[in-house]
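*Asks:* heads up, no residue letters with this:
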Ligand SMILES: Nc1ncnc2c1ncn2[C@@H]1O[C@H](COP(=O)(O)OP(=O)(O)O)[C@@H](O)[C@H]1O
Ligand SMILES: [Mg+2]
């Protein structure tokens, strides 16, 4: 035992996180044994976080091109065309592990990191979103602390840097108890001509580091993020990265000012594995080499070893590849903003990655080899729980007698209740573009000076993916697109965040693979290519096991005219309420089963992607034609919850009658896909129904919006729901306060 | 009655952006003799306790449980008669 | 080298919601002996100075100009050899 | 007639204020730089919101010592119109151009919401477009908006009509319950004794572009414009 341990410790590559075969491979690439600096370079670049060792082979499934796609995966962020020679760029990124340990700083630096990705594209960051997953706090203070610190961290960073946080989601399940998920997304805007690339062209050009000083922050974060939380120890953590949004704001201003001039050939933000990964990636893209002298890097701490400087994850730094001779001009602009811009190395022609210390070479490896992380295709085995959950029958649960009470409980349930507690801590109006603020289906931003806007959403459903990874993932893409469409936006493209457990476990690999296939199929059907993404694996703890498989979809859409902007709230009494889509007797995987019956089981509702596309095109069309007064998709909690949400937001009641031969709970709370709830005036309603019939879509007038503040639902002459909007509103508005045990 | 004075500071090695901003701010108005600034919190607490030793143990406990996050912060305190 | 430790607190009589929140928090996890909490800032500064008296005058000046806002805050400090 | 928007490191509403003057009001406007001692030819100065110097130490604590603020004081002493919004208000209190101070919100959280306000004094160069008692909606977005001043200062300000805006409910009632941050007397915005320097936490610029669903704030800029036009003929 002790002997074996001693042997383990001898193998320094294992300590660095490399396997025996990876070590063998790298010595082959190098033609010799690496020194400690070189070993550190490989350990970082070949981690899942930088090298996508487990996920890369699966990316082949993705559709990545399309008429609006200007830049697919491969740059810091993807880019889509929004007409008029204008583009938006967006991406999401996870910061799960740092947030589990230091939630405020972890979440804050997650926001800062993704903003720099967008900045590196040459764009001005115009919006942030976040997707958060926590355990149920129950009576327990730690989770509550975690939630409030994460939200505080996101808010403080975004508010200070002046990028509005306009949307997102917060979801709860004990699958995230030990390992919360914190994914942040950022969207940037620019003219087509302003696009920058992460490329180190031009032999002799300078590598300049700008922004913060370099310290021992987040040492080894890239390889840390690629390990189980269970394996982590104090040493692994290094120093927690601390974000400085003030510095980030200056960095944005200074970089964009520099970009206006013709000084810079390439830009890369410094994220995981800091100077190392940013410079390797830019060099590799150009087929060039680089050399960097660590002594030139402005530092905050003394006696840093070369590999520490190379892999430090100090925040708010960027790498610029500057044209030879323009260095002083760049420095002058940074100086104006009280920042430095320092030459730390050069582009070379020999294809080598060379690290110097005071002019002396301390490490040298081929650039291509660092980018050539080995990939793994692992065994996939269907998770055993699916046998039981797929066999679920609706008859297994009894229908509660008081359906009003069920509705109220669902409206106040953590996943469904209003997230105002969260987003009122976020400045969602700064920059003056927010046309539809948080609280609706999609956030809508106008593009200044034009009659157009963009829709932005972030969605996930871990429970769906746990119960059916492939269809669950499809449903999330479909729901994202529904959220866009009901807001008046035409879905353009997605970025995906793949949050999973340890892929070396065959059941987890199965979830990963199936989810990716599901996303791919839905994206093809809905014509929303994947233009970027992020993977966070090894999300598990010994105590609570793996998280639910949680792909998160960030989507953008184009609002062709601001006249098309649509929101969910009922607008006028006496408007007709119209239900689009077919309601089936489906209880599986629902929020209702989870909240009311404490049951995570059943199959995810059926989803026909062809029909989905047709229904979405139709809904967008009637919105653009100006026929619709309000539109909302049916999601968590089904028809009754959607109806209540439109009533609450509009401060109006509704009286609807259905004629469906099925269990009342399935009718009210089942989550059949591809459904929409609209309202319209009388004359438009006729046209809406007509146009649906022409498309072969189900559409029915189910009732009216009422001035009386009651929600009444009948089915086949039986009254199922009769409740005041006020009661619903209270449950909806106070759900989060109750969860956090705060008074609003 | 006892009074506890607790100081919570960012751990050494952890970047303190606030300290840096204050130092730069002081520098810009002429206080260039200030070479480094670190900013932390000070908490003054009135304790309904009489025994020093118990109070000390309690305050330790409070710091560990709530007042400081050991991942990023270190703390120290002093207890005196109010 | 000298080291200055500056403490800035809200003036007495001004409600300190943060102190109240900390007290409530401590109370909720069982520390009900804590009767009052006030939260302030502590700044540690390295001064490239040797003379105590000059340092003292300087730090006074810094506090008046920038480190504390006399409308709502009071300050105190201590200077020692680093 | 020139407007100036003063830019500090960390200001993040400067462009929004610029947009309000340039696009909504349609008047010439330029940025003023915090390091400048000469602000050039301006008739009104906006100190925008944001987090000057990261709000480190205290909001406005570092910014108010910048060279441009000396020039702003001189400009105000000569009767020039100055309005500080959000962080700008905090900078003005730090520089003592306005009385009192802004403490952390009593809820200890940043607060972003569309807020109803009551116009308390419509007889100023900043509020002439409104009638006293009007209820308007301006967004707020701040962490330190809890206005405090010593009791005698407050009494004096009340007596002099120096309160411009108070937080209220949609019915125009001002009470503790309608107060989002703990401000004394529900104070959301104030004016100095001489009537040319205003500080307010709510953002009139964010409520000036009707595309965003709010337009009440435009009145502040129009009031200022009319005052300047009357003065300059
Ligand atoms: N973490 C968050 N940050 C900002 N906004 C949020 C967050 N969580 C939820 N929201 C907002 O609350 C609203 C409801 O969210 P959700 O229930 O997830 O909507 P949907 O089911 O339509 O996707 C959305 O407008 C969303 O943007
Ligand atoms: Mg929705």
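*Replies:* Looks like it arrived, so ask away. Just so it is clear, the structure is predicted and the values come from calculations on it, not from any experiment. Ligands and ions are numbered 1, 2, ... in the order given.
*Asks:* Which positions in stretch A:582-600 come out as buried?
*Replies:* Within stretch A:582-600, the residues that count as buried by 16 or more other C-beta atoms under 10 Å in any protein chain shown are A:582-584, A:586-597, A:599-600. Every residue, glycine included, has its C-beta placed from N, CA and C.
*Asks:* could you check whether it is close to ligand 2?
*Replies:* No. Figure legend: stretch A:582-600 not in contact with ligand 2 (C-beta under 5 Å from the ion); closest approach 12.9 Å.
*Asks:* what's next to stretch A:607-627, contact-wise?
*Replies:* Stretch A:607-627 has contacts (C-beta atoms under 8 Å, 6 or more residues apart in numbering or on different chains) with A:471, A:474-475, A:478, A:481-482, A:485-486, A:488-491, A:521-522, A:525-527, A:560-561, A:563-564, A:566, A:580-581, A:628, A:631, A:673-674, A:676, A:678, A:680, A:684, A:687-688, A:691-692, A:695-697.
*Asks:* residues of the top helix by length along chain D that come out buried?
*Replies:* When chain D is parsed with DSSP state H, its longest helix is helix D:218-232. Neighbour-count burial for helix D:218-232, counted by 16+ other C-beta under 10 Å, picks out D:218-225, D:227-228.
*Asks:* With stretch D:206-217 instead?
*Replies:* Neighbour counts over stretch D:206-217 (16+ other C-beta under 10 Å) mark D:206-209, D:212, D:214, D:216-217 as buried.
*Asks:* Same question for stretch A:675-691.
*Replies:* If you call a residue buried by 16+ other C-beta under 10 Å, then stretch A:675-691 has these buried ones: A:675-680, A:684-685, A:688-689, A:691.
*Asks:* do the same with stretch D:23-41
*Replies:* D:24-25, D:27, D:29-30, D:32, D:34, D:39.
*Asks:* Is it possible to get TSV of those that adds distance to chain A?
*Replies:* Output for these, formatted as TSV (distance: C-beta to the nearest C-beta, whole Å):
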residue	distance to chain A
D:24	10
D:25	14
D:27	17
D:29	15
D:30	17
D:32	15
D:34	10
D:39	18
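*Asks:* quick one: which two of these are the most distant?
*Replies:* Using C-beta to C-beta, the buried residues of stretch D:23-41 reach their maximum pairwise distance at D:24 and D:34, which is 24.8 Å.
*Asks:* and the residue nearest the centre of chain A, what does it touch?
*Replies:* The residue lying closest to the centre of chain A (C-alpha atoms, centre = their mean) is residue A:92, at 4.4 Å. By C-beta under 8 Å, 6+ apart, the residues touching residue A:92 are A:114, A:129, A:131, A:183-186, A:458, A:495-497, A:533-534, A:552, A:554.
*Asks:* Looking at those, which is nearest residue B:39?
*Replies:* Nearest to residue B:39 among those is residue A:184, at 26.2 Å by C-beta to C-beta.
*Asks:* interface residues of chain D facing chain C?
*Replies:* Residues of chain D found near chain C (C-beta under 8 Å from any C-beta of the partner chain) are D:57-58, D:61-62, D:65, D:93-94, D:99-101, D:103-108, D:148-150, D:182.
*Asks:* could you flag which of those residues are buried?
*Replies:* D:57-58, D:61-62, D:65, D:93-94, D:99-101, D:103-107, D:148-150, D:182.
*Asks:* which residues sit in contact with residue B:82?
*Replies:* If you count contacts by C-beta under 8 Å, 6+ apart, then residue B:82 has B:1-3, B:46-47 around it.
*Asks:* Could you report the distance from it to chain D?
*Replies:* Distance from residue B:82 to chain D, counting by C-beta to the nearest C-beta, to the nearest Å: 26 Å.
*Asks:* For that residue, give me the pLDDT.
*Replies:* Here the pLDDT value assigned to residue B:82 is 81.
*Asks:* what's the answer for residue A:19, then?
*Replies:* 89.
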